[in-house]
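Enquirer: Pasting the sequence and the predicted model now:
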Amino acid sequence: MELQRNKLVNLRLAAAQINGIVVQPGETFSFWKLVGEPSAKRGYLDGLVISAGKLGRGVGGGLCQLANLIHWLVLNSPLTVTELVHHSDALFPDSGRRVPFGIGTSVFYKNVDYRFKNTSDRPVQLLVWLDESTLYGELRAQEPFPYIYRITEEDQGYIEEDGEFFRVSRVYRVVLDQERRVIRRELVLDNHSKVMYDYSLIPSSQIITPGLRRLT
């Protein structure tokens, strides 16, 4: 719980550097350019960090959650991701998951950044803030975008390979017009992530028989 409480401090410090930023058409947002070094000197505390598939603690830990939120907002917009590094392993069970697996992004100062480019024709504003229990975010523009975006996960489950289990799925961004008609589907991620937790927590109903997963 100490690391959880510290994460709130870290998130508040980082969110204050991003909240209200306006990204003009053609400009690129950089997480670390805005947040800067998450050092103890700047008030950051030890939080949970993930390195080489293992959990640990480090100054500024927990900021991936802020990058994840921003990435989710970008996926639901016409903006274009230009730099991200996905978490490579399935570290936790799916219980209670509210967004598709695998769409989070790693950030590690200063070599592992998260960036997107405003490829739309209008400025966008990014708002991020916290209360005592929740991190919030909004992506705003002065006029509505012409399309609506939905993120879906398909072909999800677990497969066994040489005695090891992997979490698999395909994540799509579905683009719709204002009448909710599908314009196109874009493959965002083809998941194949090693399960790092106790295999007994994998629901047997979600284990995929070899050869049954769709190839396209």
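Expert: Perfect, thanks for sending it.

Enquirer: Is the residue nearest the centre of the chain in a helix, a strand, or coil?
Expert: For the chain, the residue nearest the mean C-alpha position is Gly104 (2.5 Å; Cα atoms, centre = their mean). Under DSSP: H, G, I helix; E, B strand; the rest coil, Gly104 falls in the coil class.

Enquirer: Begin at 3, not 1, for the rest of this chat.
Expert: Done: numbering now begins at 3, and the last item shifts to Gly106.

Enquirer: List the residues that contact it.
Expert: Under the criterion of Cβ atoms under 8 Å, 6 or more residues apart in numbering, the contact list for Gly106 reads 66, 69-70, 73, 88-89. C-betas here are computed from N, CA, C, even on glycine.

Enquirer: And for Ile204?
Expert: Counting by Cβ under 8 Å, 6+ apart, Ile204 makes contact with 95, 160, 167, 197.

Enquirer: which helices and strands sit right next to the helix or strand of the chain with the lowest mean pLDDT?
Expert: When each helix and strand of the chain is scored by mean pLDDT, DSSP states H and E, strand 91-92 comes last, with a mean of 76. When contacts are defined as 3 or more Cβ pairs under 8 Å, 6 or more residues apart in numbering; DSSP states H and E, strand 91-92 sits against strand 184-197.

Enquirer: For the strand it packs on, name the packing helices and strands.
Expert: Contact here means 3+ Cβ pairs under 8 Å, 6+ apart; on that basis strand 184-197 packs against strand 91-92, strand 150-163, strand 166-178.

Enquirer: buried sites along that strand?
Expert: Neighbour counts over strand 184-197 (16 or more other Cβ atoms under 10 Å) mark 190-191, 193, 195, 197 as buried.
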